[in-house]
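Student: Sequence below, structure please.
(one chain, ligands or ions: 1)
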Amino acid sequence: MFSSLHSKLTIVMTVLTIVVVLIVGSFIINNTTNFYIDDFREQMYSVFSEDLILQLRGEAEGEDGAEHLYQTLSAYSTALGIDANRNFYILDGKSGNVLAGTSDDAPELTASVIAAMAGKVGQETRLTDAFLDVAVPISGGENSYIVYLKDTKQELQNINQTIILIIIQAVVFGIIISVLLSLLLSKTMTVPIEKLTAGVGKVAAGDLSLRVDVHSRDEIGKLTDAFNNMAGVLEDSVNRLESERDRLDTMFSHMADGVISMSQSGDILSINPAAERLLGVKQGPGLKYSDLFGESGISLEEAASLDPSKFLERTFSLSGRTLHLYLATYGHTGGERDIMAVLHDITDQDRLEKARREFVSNVSHELRTPLSNIKGYAETLVDATDIDDETRGNFLGVILSETDRMTRIVKDLLTLSRLDYNKMDWQISRFSIQRSLENVCTAMSLSASNSGHELTLDIPVSLPELTGDRERIEQVIVNIISNSIKYTPAGGRIVVRAVTDVTKLNLTVTDNGIGIPAEDIPRLFDRFYRVDKARTRASGGTGLGLAIAREIVEHHRGSISVASEVDKGTTVSIVLPLEDSHEG
Ligand code: ADP
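Tutor: Numbering: from 1, shown residues only. Purely as a prediction, here's the structure:
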C-alpha cells in the first residue's frame, strides 16, 4: 500500500509537519502561560509597594477599615488589571470571611489565604491550579484584614484556545503543503528513476546501444551515468565476444580439419562441414558418437572419462581415407564435461610417405642390380686365371654397359631432383617447333629403321613458333619416340603428328606396338614405374623417362597423357601453349 516513493514521502513529510507544529505550538503555549503568570506577579509587586502597604495599615486602624481599604484599592483597579476575570476582596484577617469585594462570588479559602491568615504574603498558586491569586495580610491596631486578589485565568485560556486553533490550522495547511511538496519531490525523483528502470529493461532485453539521458548531477544523475558507462562496457564486451565468436565460427566452418563436439551421452552438439565431409555424415537428430567414431576403436566411455589434462589419439581408415583422431574433454570444473574431437585427413601425407618409402626402395633396387652385375663380372675377371680374351672382352663390355645404366639412372634422378627443387637451368627462347620435330625425327630414324620400324612425321605445311626450352622439349619428344621404338615389335609403324589451334600445340606420337594394360596407365608417370619390369629393364629403360617428361611439360604449363590398348598400340599426347608456356 505504501510501497511507492510518493506515499512514503507523503507520510514522512506529514508526520514531520505535525511533529514540528505540535512542538512549536506547545512551546508557544508554555511560554504564553509563563508570561501570563510572570506578568500577574510583576503587576502585584509593582502595586503593593511599601508605601501602599503602610497606607493600607493606617487605614485599617480605624472603624470601617475594610471599607477604607476597599476604597483605596479601588483607585488601583486599573493598575491591578481588575476586570470580569480578576477581582479583589477584603477578607477578615482571622476568619477569612469576605468583608468587601469587586465581585459577589465568595472566594474559597485557598493556600494563599491560609498563608496570609498566618501573617505571611500568600502566593501559593501552582501551575496546575485553574486560577492565580495573591493574599496580602494588612494589620492596623486591633484590626487585621487580608487583601486578596484572584484571577480566573480565563484570559489565558482564551489565548491558549486561539493558539490551539492556529496550530490545528497550521497542521491542516502543513499536511496539504507536504502532500503537494512530496508529490513534486517524488516526481522529480521518480521520473529519472522510471527512465533508468526502462533503460535497464531494454538493455536486459538486448538493446545494448541504449543510453539514458542525464539531466542532473545528483545521486540519480550519477547512477544514470554509471548505468550508461556499464552499458557501454557491456556493449564493447558483447561486440568483442561476438566478433570472436564470428571469427571462431568462420574458422570452424572453413577449416580443413574436422571438429566435432559431443555430450557425455554421445549426442552430437556441433559438427563442422570438414568433419561431415571426412566422415561422410550429415548433422541431424539421432547422430551419435558411435556413428562417427565406431571405426576408431575408442569407445564413448573411454572418451567421456578422459582426464581434462589428457587426450587420446588414434589413426584409422574410413572409406579409403586415413584419418587421425584427437579426443579430449572440456567444460566447467565440477560440471559435466563434453567431448571434443579433432580429425586430421592424413591420406595425402600417408600416400606421400608410402611413395617416399617406395621411391627409396626403388632407387636402391635399381642401383643394386647393375652393381651386383658389375661386382660379379669383376670378381670373375679377378679370380679366373684361364680366361680367354674374347670372354674377358664380353665381361668388360657387360661391366661397361651396367656402368652406363647406372650413370643413366643417376643422371635421370639428378634431373628429377633439379626439377623437384626448381634448380633447373631453363633456356627459354622462341623457337620453331617444326624444325625441332624434323630434327628429332631425322635423328631417331636410324634407330627406328634398325628396329625395322617406319617413322613418319605428319605435320601441316607450317607450324607457329613456341616459347620454351627447346632442348628439353626435344628431349621429351625423343624419349617418347624411343619408347615407341622400344615397345613396338619389329616392323612397326610410328607416326608423329602435330596440329595447332589459336593457343596451343597438340603433339601425338602413335605406335602400333605392345600397348599398355588399362590398369597400368594411371601409374605410368610414377617414378620407376614399369609395366613389365623384366622386359623394360632389358630394353635399357630406367622407368624415369615419362616422369621427367611430365615434369618438363607441366613446367611449360602443358599436359601429357597416354591412351593405349594392349597389342594394338599406344598414343602419347602432349599439349603445349604457344605463348608464355614457361613457368618462370
Ligand atoms: P622406361 O625408361 O622404362 O621406358 P618410361 O618412364 O619412359 O620408362 O616408361 C614407363 C613404362 O611405360 C615403360 O617401362 C613401359 O612399360 C611403358 N611404356 C612407355 N611407353 C610405351 C609404349 N609406347 N608402348 C608400350 N609401353 C610403353
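Student: Only C-alpha atoms from now on, for both contacts and neighbour counts.
Tutor: Fine.
Student: Give me the buried positions along stretch 156-172.
Tutor: Within stretch 156-172, the residues scored as buried using 16 or more other Cα atoms under 10 Å are 156, 160, 163-164, 167-168, 170-171.
Student: what does stretch 309-321 give?
Tutor: Neighbour-count burial for stretch 309-321, counted by 16+ other Cα under 10 Å, picks out T315.
Student: Tell me which residues are up against that stretch.
Tutor: Applying Cα atoms under 8 Å, 6 or more residues apart in numbering, the contact partners of stretch 309-321 are 279, 295-296, 303, 322-329, 345-347.
Student: Looking at the buried residues of stretch 156-172, which is nearest the ligand?
Tutor: Closest to the ligand out of these is V171 (118.6 Å), distances taken as Cα to the nearest ligand atom.
Student: possible to save the buried residues of stretch 156-172 as CSV with pLDDT?
Tutor: CSV is the format used below for the buried residues of stretch 156-172 (pLDDT from 0 to 100):
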residue, pLDDT
L156, 90
N160, 90
I163, 91
I164, 92
I167, 89
I168, 91
A170, 88
V171, 88
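Student: Would you format these as JSON lines with secondary structure included?
Tutor: Shown next, in JSON lines, are those (DSSP: H, G, I helix; E, B strand; the rest coil):
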{"residue": "L156", "secondary structure": "helix"}
{"residue": "N160", "secondary structure": "helix"}
{"residue": "I163", "secondary structure": "helix"}
{"residue": "I164", "secondary structure": "helix"}
{"residue": "I167", "secondary structure": "helix"}
{"residue": "I168", "secondary structure": "helix"}
{"residue": "A170", "secondary structure": "helix"}
{"residue": "V171", "secondary structure": "helix"}
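Student: S112 in helix, strand or coil?
Tutor: Assigned with three-state DSSP, S112 falls in the helix class.
Student: count of neighbours near it?
Tutor: Per other Cα atoms under 10 Å, the neighbour tally for S112 reads 22.
Student: So which residues on this protein come close to the ligand?
Tutor: By Cα under 6 Å from any ligand atom, the residues of the chain that approach the ligand are 483-484, 487, 513-516, 524, 529-532, 536, 541-547, 570.
Student: next one: the host helix or strand of L419 to chain centre, how far?
Tutor: Using DSSP states H and E, L419 falls within helix 389-420. Put simply, helix 389-420 sits 69 Å off its chain's centre (Cα atoms, centre = their mean, to the nearest Å).
Student: Tell me the helix or strand right after it.
Tutor: Next along the chain after helix 389-420, taking DSSP H and E as the criterion, comes strand 428-432.
Student: which one of the contacts of stretch 309-321 has the most neighbours?
Tutor: When neighbours are taken as other Cα under 10 Å, the top entry among the contacts of stretch 309-321 is T329 (24 neighbours).
Student: Could you give the number of residues near the residue lying closest to that one once chain neighbours are set aside?
Tutor: Nearest residue to T329, sequence neighbours excluded (Cα to Cα, 6 or more residues apart in numbering): I339, at 4.4 Å. Around I339 sit 25 other residues, with neighbours defined as other Cα under 10 Å.
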